[in-house]
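Colleague: next input, structure requested:
(chains A and B)
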There are 2 protein chains.
Amino acid sequence: MIQSRVHVADLREHVGRTVSVCGWVNTLRLQRKMQFVIVRDSTGMVQVTHTRDDGPLEAQLEALTLESAVRITGRVVDAAQVKLDGLEIVPEQVEVLNPAATPLPIDEHTGLEQRLDWRFLDVRRRPAAQLLFAVQTTLEQGMREYAYAQGATEMHTPKLMGTASESGAEVFKLGYFDRSAYLAQSPQFYKQMAISAGIEKVFEIGPVFRAEPSFTSRHATEFTGVDVELAWIDGVEDVMAFEEQMLAHAITKVADVHGEAIREHFGVEAAVPTTPFPRITMAQAHEVLREGGWDPEGVKVDLDPEGERSISAHIKEATGHEFVFITHYPAVIRPFYHMRPADDPSVTLSFDLLWKGLEVTTGAQREHRYDVLLKQAAEKGMSTKPLQDYLNAFRYGCPPHGGLGMGLGRVLMVMLGLDSIREATFLFRGPNRLTP
Amino acid sequence: MIQSRVHVADLREHVGRTVSVCGWVNTLRLQRKMQFVIVRDSTGMVQVTHTRDDGPLEAQLEALTLESAVRITGRVVDAAQVKLDGLEIVPEQVEVLNPAATPLPIDEHTGLEQRLDWRFLDVRRRPAAQLLFAVQTTLEQGMREYAYAQGATEMHTPKLMGTASESGAEVFKLGYFDRSAYLAQSPQFYKQMAISAGIEKVFEIGPVFRAEPSFTSRHATEFTGVDVELAWIDGVEDVMAFEEQMLAHAITKVADVHGEAIREHFGVEAAVPTTPFPRITMAQAHEVLREGGWDPEGVKVDLDPEGERSISAHIKEATGHEFVFITHYPAVIRPFYHMRPADDPSVTLSFDLLWKGLEVTTGAQREHRYDVLLKQAAEKGMSTKPLQDYLNAFRYGCPPHGGLGMGLGRVLMVMLGLDSIREATFLFRGPNRLTP
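Modeller: Alright, predicted model coming up:
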């Protein structure tokens, strides 16, 4: 790293010494007698103060542009009048490592879409955006800590598939030498193959792809999925228990490391949830919602976003909890591979996890019996031929198992109180956005 | 998890008690008076011993098939004559959780390609394959530990791109609503954007895609890349130092956790490398190789696989080291975004890392100056229009930076002495393989 570089946050320890600070020109105040440059690095901002003297330094500072990458070498001095930590740097040397063109294409009034066009500047200039990726890192670290402690194995399953998984409707298709391939909508089939391969607990964080023309604040065509699959389970309850423990552990870690910064930059608390999370069956949820006037025609089978928000509000009021597992989804709205209880094949041993009204996870016990899988696929009107590689994994002793898929961006979005998944992703991908 | 389940490795603590073991039928020996079933779980194998008694248990055991998923409940007893830890289980209850069809499609004589067709059975039945994924998990854990400790931020960059990166020749193209998209060959451009976004150290482990019709033992069309990018570097040496420290840390962790198992199952030592790794310039490497008779026509600019093996052998002999950085690759065989030293624009500030003769990493200091990037792209005959989103990231003060991309499968392959990347990947993808 650049020799003798000091991060802005550490300058206090260097008062009286000459150091180098590397960062960006955040603000320029070039007055008649004085030149003030605020330099920002990833840890904070510092004022560089220079008295005009008609020398080369004055000319250099005068020529600076906003967001240029600079190295300022100078003496750190106490300056009680300076708001930024009561410090300033009296410069001795100014190097422009990379000049920024003027004017900048975005400023603090720029709308979301144009900010996304210039996402690198948007993230660089907003401490809250910087914090988001630090929080993401810690959140994943916490999830992995929990998963590793449970003996999970980190797998990397293929994103390229030979056949379209599930329905094929929301799958991207690509040219693959002299044939076609498809992008995995989720690691679902492959993590089940890993279970059949004898891996007891499978963990994967990676991209998933959805060819869905959705323009909502919570959908993306590519997002980061957190996937877990557990073998030898007694039932879907084991999967829910794993998830709530993993989340509680990871959120605790985030609160410990970033709680104060989150409060400052996002104005919210990173509140650690108690476990177990509340659970409610879909039938109960419908009952509660209909009492509140939801779906007056009585035709809805699934929860719509309004229903999800209402049931979360209800649970919050009844229990104080921000999370709720909705269980026993009707079989008609769940994929063929979700297991159904022996005493009621109209529902599935599946769940969604809502956090403050937003679905952040879908999970289930999987059907591991080959004959039942064939039957359930047929019931859904699916052709088994493109599924044969998948189905083969169940013909030779695949153990009982279940798992979950969580959207990392959605978790961050709810945790930090963001309006859109676009703000919770470094480079968002949607039907209308493939750049930058 | 299944109630009162005990892993095979822990049975010794349960002698005299009745427990349940969950696993697969590894071996059946059904004799005239006795029935022996060897059950395998992810931790080991145990013998289940039953004396024929014309009862229902006898019939159940008789009906078992190899690789069926079973739960055996019985008493754990000392049995000095039994090779498997001097223990056996006297069964009281046998449950077939999922029966395996017969015969199995592969056995211990099956060749590689057919084993890959039934990869879940291949991995399930071979302890060495199980170990590989445990080693992968620990290796990644070690890399992340090092990266986190250096303050790295874990990023997830898009795999969907609006334009073909770099040459476009080896890029998969897909339909994206009413237009086309391309799969990222590496996170290169996006991790540089993260650097320009003010992230000081970027870390990503994720899939990369290469539309290369290569059929060698070391190429795949999709593989897991470990990517690092570091801002504010003084030079490419900072990148090499990061990599050698990260590898040394991660390999130490693997050796600590799995050293003995690796010796047993792969017959190799997980030898922790000393740092720094040896470095040799490409010009020096050519000199050494030509002295040894390599490339008698004197026409080769790059190292071919034979050259890579020879230079590694040479370094091993001279220094005892298994790793070597080859530096200063000629500019003609490096991408336009590699920085060139001011005093010799015919070479680049780049490197490859070889381990035992196999290239496991390419890295470089990147050119961060917009005007120089434009010039270097033009020299390579590239059109800058499709690159504009990328180039924009350098117009507004992108700091000096450099990074590396490592192939996770190749590292595992060399570490464990495997013949092919196919064995170091859960589900291999190549020009002829998109299944299972």
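Colleague: how much space is there between the closest residue to residue A:30 other than its chain neighbours and residue A:51?
Modeller: Distances taken as C-beta to C-beta, 6 or more residues apart in numbering or on different chains put residue A:62 closest to residue A:30, at 6.2 Å, once the chain neighbours are dropped. (C-beta placed from N, C-alpha, C; glycine too.) Using C-beta to C-beta, to the nearest Å, residue A:62 is found at 13 Å from residue A:51.
Colleague: quickly list what's touching both of these two.
Modeller: residue A:35 (C-beta atoms under 8 Å, 6 or more residues apart in numbering or on different chains).
Colleague: which residue ranges of the stretch 301-436 of chain A form strands?
Modeller: For the stretch 301-436 of chain A, the strands defined by DSSP state E, counting those that start in this stretch cover A:323-327, A:350-355, A:358-365, A:401-407.
Colleague: hmm, who's touching stretch A:237-257?
Modeller: By C-beta under 8 Å, 6+ apart, stretch A:237-257 touches A:135, A:138-143, A:145-147, A:150, A:228, A:230, A:233, A:262, A:270-277, A:279, A:323, A:325, A:327, A:351, A:353, A:361, A:363-365, A:402-404, A:406, A:411, A:415, B:1.
Colleague: give me the buried subset of those residues.
Modeller: A:135, A:138-143, A:146-147, A:150, A:228, A:230, A:233, A:262, A:270, A:272, A:277, A:279, A:323, A:325, A:327, A:351, A:353, A:361, A:363-365, A:402-404, A:406, A:411, A:415, B:1 (16 or more other C-beta atoms under 10 Å in any protein chain shown).
Colleague: pLDDT score for residue A:40?
Modeller: You'll see residue A:40 listed with a pLDDT of 97.
Colleague: before we move on, what about residue A:238?
Modeller: Reported pLDDT for residue A:238: 98.
Colleague: can you say which helix or strand has it in it?
Modeller: In the assignment (DSSP states H and E), residue A:238 maps to helix A:236-266.
Colleague: one more: residue A:143?
Modeller: Counting by DSSP H and E, residue A:143 is part of helix A:127-149.
Colleague: all helices of chain A, in order?
Modeller: With DSSP state H as the criterion, chain A has helices at A:56-62, A:112-117, A:119-125, A:127-149, A:188-196, A:236-266, A:282-291, A:305-319, A:370-379, A:388-392, A:408-416.
Colleague: low pLDDT regions in chain A?
Modeller: Judged by pLDDT under 70, chain A has its weakly predicted residues at A:1-3, A:165-169.
Colleague: domains in it, as residue ranges please.
Modeller: Per automatic domain parsing, the domain ranges recorded for chain A read A:8-98, A:120-424.
Colleague: how far away from the center of its chain is the helix holding residue A:238?
Modeller: 13 Å (C-alpha atoms, centre = their mean, to the nearest Å).
Colleague: one more: stretch A:422-434?
Modeller: Taking mean C-alpha positions (C-alpha atoms, centre = their mean), stretch A:422-434 and its chain are 12 Å apart.
Colleague: and it, which residues are buried?
Modeller: A:422, A:423, A:424, A:425, A:426, A:427, A:428, A:429, A:430, A:431, A:433, A:434.
Colleague: same question, stretch A:332-345
Modeller: Buried-residue list, stretch A:332-345, by 16+ other C-beta under 10 Å: A:334, A:335, A:336, A:337, A:338, A:339, A:340.
Colleague: neighbouring contacts of it?
Modeller: Outside stretch A:332-345, the residues that touch it by C-beta under 8 Å, 6+ apart are A:166, A:188, A:192, A:236, A:301-302, A:329, A:331, A:346-350, A:364-368, A:373, A:376-377, A:379-380, A:382, A:402.
Colleague: among those, name the buried ones.
Modeller: If we count by 16+ other C-beta under 10 Å, those have these buried: A:166, A:188, A:192, A:236, A:329, A:331, A:347-350, A:364-368, A:373, A:376-377, A:382, A:402.
Colleague: the residues you listed: which ones sit near chain B?
Modeller: When contact is defined as C-beta under 8 Å from any C-beta of the partner chain, those meet chain B at residue A:368.
Colleague: most tightly surrounded among the helices of chain A?
Modeller: Ranked by mean neighbour count under mean count of other C-beta atoms under 10 Å in any protein chain shown, the helices of chain A are led by helix A:188-196, which reaches a mean of 26.
Colleague: show me what that helix is packed against.
Modeller: For helix A:188-196, the elements it packs on are strand A:201-209, strand A:222-231, helix A:388-392, strand A:401-407, helix B:119-125, judged by 3 or more C-beta pairs under 8 Å, 6 or more residues apart in numbering or on different chains; DSSP states H and E.
Colleague: which among these is found nearest to residue A:37?
Modeller: Closest to residue A:37 of the helices and strands packed on helix A:188-196 is strand A:222-231 (C-beta to C-beta; 37.6 Å).
Colleague: which stretch among the helices and strands packed on helix A:188-196 comes nearest residue A:93?
Modeller: strand A:222-231 (42.2 Å).
Colleague: how far is the closest one from where the chain is centred?
Modeller: 12 Å.
Colleague: and that strand with strand A:401-407, angle?
Modeller: 160 degrees (axes from the mean of the first three to the mean of the last three C-alpha atoms, to 10 degrees).
Colleague: is chain B contacted by strand A:222-231?
Modeller: Yes - among the residues of strand A:222-231, A:222, A:224, A:230 lie within reach of chain B under C-beta under 8 Å from any C-beta.
Colleague: try stretch A:72-81
Modeller: No - counting by C-beta under 8 Å from any C-beta, chain B is not contacted by stretch A:72-81; separation bottoms out at 12.9 Å.
Colleague: kindly report the same for stretch A:101-108.
Modeller: Yes - judged by C-beta under 8 Å from any C-beta, stretch A:101-108 comes into contact with chain B at A:101, A:104, A:105.
Colleague: pretty sure the first one sits against residue A:65.
Modeller: Yes - the pair residue A:101 / residue A:65 is scored as a contact, 7.3 Å apart, by C-beta atoms under 8 Å.
Colleague: nearest to chain B within the stretch 201-350 of chain A, name that residue for me.
Modeller: residue A:224 (4.4 Å; C-beta to the nearest C-beta).
Colleague: so who does that residue touch?
Modeller: A:205, A:206, A:207, A:208, A:407, A:408, A:409, A:425, B:156.
Colleague: try it again with 7 Å
Modeller: Taking C-beta atoms under 7 Å, 6 or more residues apart in numbering or on different chains as the contact definition, residue A:224 lies against A:205, A:206, A:207, A:408, A:409, B:156.
Colleague: cool, residue A:403 as well?
Modeller: A:191, A:227, A:228, A:229, A:230, A:239, A:363.
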